[in-house]
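> Need coordinates for the following:
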Amino acid sequence: MPSGIKGGIMSIQEQINNLRNSITFKYDSINAILAGRSIDQLDGDEASKASRLMSEIEVLDLRTSNLELNQPTSRPIFDLGLDDGVRSGGKVFKSFADQIDAIVRAGKGLGVDSRLSKVATEYRAASGLSELVPADGGFLLEPTFSKDILMSAFTTGQIIRLVRQIPIATQTLMINALAETARTTGSRWGGITGFWAAEGGTKTPSAPKFRRMELSLKKMIGLCYSTDELLADAGTLQNILSQGFASEVQFMVEDAVINGTGVGQPLGIMNSGALIVVTRVGANAIAIGDIVNMWSRMINAQNAVWLTHSTVLPQIYQLQMTLGGAVSTPVFLPPGGLSQTPYSTLFGRPILTIEHCQSLGTKGDLILADMSQYVLAVHSSGLKTDSSMHVRFVNDETAFRFVFRCDGQPMFNVPITPFKGTTTLSPFVTLSV
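Purely as a prediction, here's the structure:
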């Protein structure tokens, strides 16, 4: 690798490490301020410092995620902590197909490639469907290939790449979030209050309030069997496994982000307490009134995207707005009509057609969401993949297993009451049945 490229990669990793160290330092500072007390026991200056530190942590978290997303593919988003020196001297496989071929040969008693033993011992994972001892017929797939699969899933997904991702190395992540339920005076930032006072007037202290967000990693498992005949064409198998596993990870995570119950899986926005459900103008249809009403209930609409099912598109294409009581103009199509490419935005925000929305006429067929307000914690070990030729030995099949751990939830847990009026707002809005 040219020295210039290597230096660039390392500099990005160093920036990430520095940001993580800063985040840890700021959390320690908050704990020092609290000194075993609850938030409401802090005085005004202490509460202000804690609030400022939390804001700085959020900024650092976002900068860290952005750096990780923009790293070159040789250093994927979720670094497994592997030493590059381990891979030197031709001790690793040239390709996914190369390793598959070695696994097949070992399973047929044609000799165990020394590289398989090295991967199994240096990158040993928890035992499960198979053992990682060559004599028992089980081998880890080299982490490079596992990371490539995960990288593909996280860079091609329409939803995954929009959420706030936080790599973690522990089972549980605790986040102190603002306990803000309203923008009315005395409720902003959970309790900060500003006031106008005359010279020498009495000053009333106030402080923010926080709530605890807990993300506890949930485990996703996939299992695939491959016949010896397919394994004989290792190049074909490489494409099938790489694309198939990446697609499944992407699908499962994105479905959980939208529809997750929070039980054994991430909590999705459709089951979040922050979701606002707008009453539909007409049954089994999308009207211009629905679009306007949803937009009016949105917080920070400039960051939002429209998520919809393919069955809703005909409705959106035919939306019209009446001007002057007589003239109608298309809402979604350009002036040239159907002969031209339709605009891909409503109110200037992108429309994404995804499988995870409900079909037309069902709650969730159209969603307006600010996905940056959804946090997804992913274990830093990334995607773990291993194989065994003994699980289905009598069927002439090799088993491939992948394990992925993550958890997520919206950063808002309730809709927000605005400063004026009582109609609530939220980063997540959908239509009723």
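> Every contact and neighbour count from this point should use C-alpha atoms.
OK.
> quick one: the helices in this protein?
Here the chain has its helices, by DSSP state H, at 3-34, 44-69, 96-107, 114-122, 143-156, 228-232, 234-259, 288-296, 313-317.
> hey, C-alpha coordinates of the last one in CSV?
What follows is helix 313-317, C-alpha atoms only, in CSV (Å, rounded to 0.1, in the frame of the first residue of the first chain):
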residue,chain,number,x,y,z
LEU,A,313,-47.0,6.0,-5.6
PRO,A,314,-50.0,6.1,-8.0
GLN,A,315,-51.8,8.3,-5.4
ILE,A,316,-48.8,10.6,-5.1
TYR,A,317,-48.3,10.9,-8.9
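> What are the contacting residues of that helix?
285-287, 330-333 (CA atoms under 8 Å, 6 or more residues apart in numbering).
> re the thing from before, which of the helices of the chain has the lowest mean pLDDT?
If you rank those by mean pLDDT, helix 114-122 sits at the bottom with a mean of 60.
> Kindly report the domain assignment for this protein.
Domain segmentation of the chain under automatic domain parsing yields 3-75+172-216, 275-374+426-431.
> among those domains, which is nearest residue 403?
Closest approach to residue 403 among these (CA to CA): domain 3-75+172-216, 15.7 Å.
> circling back to that earlier point, tell me the two of the contacts of helix 313-317 that are most distant?
So, the contacts of helix 313-317 by CA to CA: farthest apart are 285 and 333, at 18.1 Å.
> The two - which one has more neighbours?
Neighbour count, other CA atoms under 10 Å: between residue 285 and residue 333, residue 333 has more, with 21 against 17.
> Can you pull the phi/psi pair for the closest residue to the more buried one other than its chain neighbours?
Excluding the flanking residues, the one nearest residue 333 by CA to CA, 6 or more residues apart in numbering is residue 342, at 4.7 Å. Residue 342 has phi and psi values of phi -70, psi 150 when expressed as degrees, to the nearest 10.
> okay, now residue 342: neighbour count?
Neighbours around residue 342, by other CA under 10 Å: 15.
> sorry, back to before: wait, which of the helices of the chain is closest to residue 396?
Across the helices of the chain, closest to residue 396 is helix 228-232 (CA to CA), at 5.8 Å.
> Buried residues, that closest one. List them.
Residues of helix 228-232 classed as buried: residue 231 (neighbour count, 16 or more other CA atoms under 10 Å).
> now residue 23: how far from residue 54?
Relative to residue 54, residue 23 is positioned 9 Å away (CA to CA, to the nearest Å).
> thinking again about what came up before, now tabulate the helices of the chain in CSV and tack on distance to residue 202.
Shown next, in CSV, are the helices of the chain (distance: least, CA to CA, whole Å):
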stretch, distance to residue 202
helix 3-34, 26
helix 44-69, 15
helix 96-107, 72
helix 114-122, 67
helix 143-156, 54
helix 228-232, 80
helix 234-259, 48
helix 288-296, 39
helix 313-317, 57
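> out of those, which comes closest to residue 429?
Nearest of the helices of the chain to residue 429, taken as CA to CA: helix 288-296 at 6.2 Å.
> list the helices and strands that closest one packs on?
Helix 288-296 is packed against strand 276-278, strand 428-431, with contacts defined by 3 or more CA pairs under 8 Å, 6 or more residues apart in numbering; DSSP states H and E.
> how many other residues sit next to residue 304?
Residue 304: 23 neighbours (other CA under 10 Å).
> and if you look at residue 17?
Neighbour tally, residue 17, other CA under 10 Å: 13.
> Make residue 1 into 505 and carry on from there
Let's use 505 as the start, then, which means that last one is residue 521.
> ok, now which ones touch residue 910?
Applying CA under 8 Å, 6+ apart, we find residue 910 in contact with 720-723, 770, 880-883.
> between these, which is nearest residue 694?
Residue 694 has its nearest neighbour among the contacts of residue 910 in residue 880, at 23.7 Å by CA to CA.
> What sits closest to residue 757 if chain neighbours are left out?
Residue 757 sits nearest to residue 664 (CA to CA, 6+ apart), 7.4 Å away.
> actually residue 783, not the one I typed
Residue 783 sits nearest to residue 936 (CA to CA, 6+ apart), 5.1 Å away.
> circling back to that earlier point, please identify the most buried of the helices and strands packed on helix 792-800.
Ranked by mean neighbour count, those are led by strand 932-935 with a mean of 28 (mean count of other CA atoms under 10 Å).
> What is the burial count for the closest residue to residue 659 other than its chain neighbours?
Of all residues not flanking residue 659 in the chain, residue 665 sits nearest, at 6.1 Å (CA to CA, 6+ apart). Applying other CA under 10 Å, we find 16 residues neighbouring residue 665.
> I'd guessed residue 665 sits against residue 656; true?
No: if you go by CA atoms under 8 Å, residue 665 and residue 656 don't touch, sitting 10.9 Å apart.
> one step back: pick the one among the contacts of residue 910 closest to residue 677.
Using CA to CA, residue 720 comes nearest to residue 677 of these, at 6.5 Å.
> what sits against the residue lying closest to that closest one once chain neighbours are set aside?
In space, and not counting its chain neighbours, residue 720 is closest to residue 676: 4.4 Å by CA to CA, 6+ apart. Listed by CA under 8 Å, 6+ apart, the contact partners of residue 676 are 718-721.
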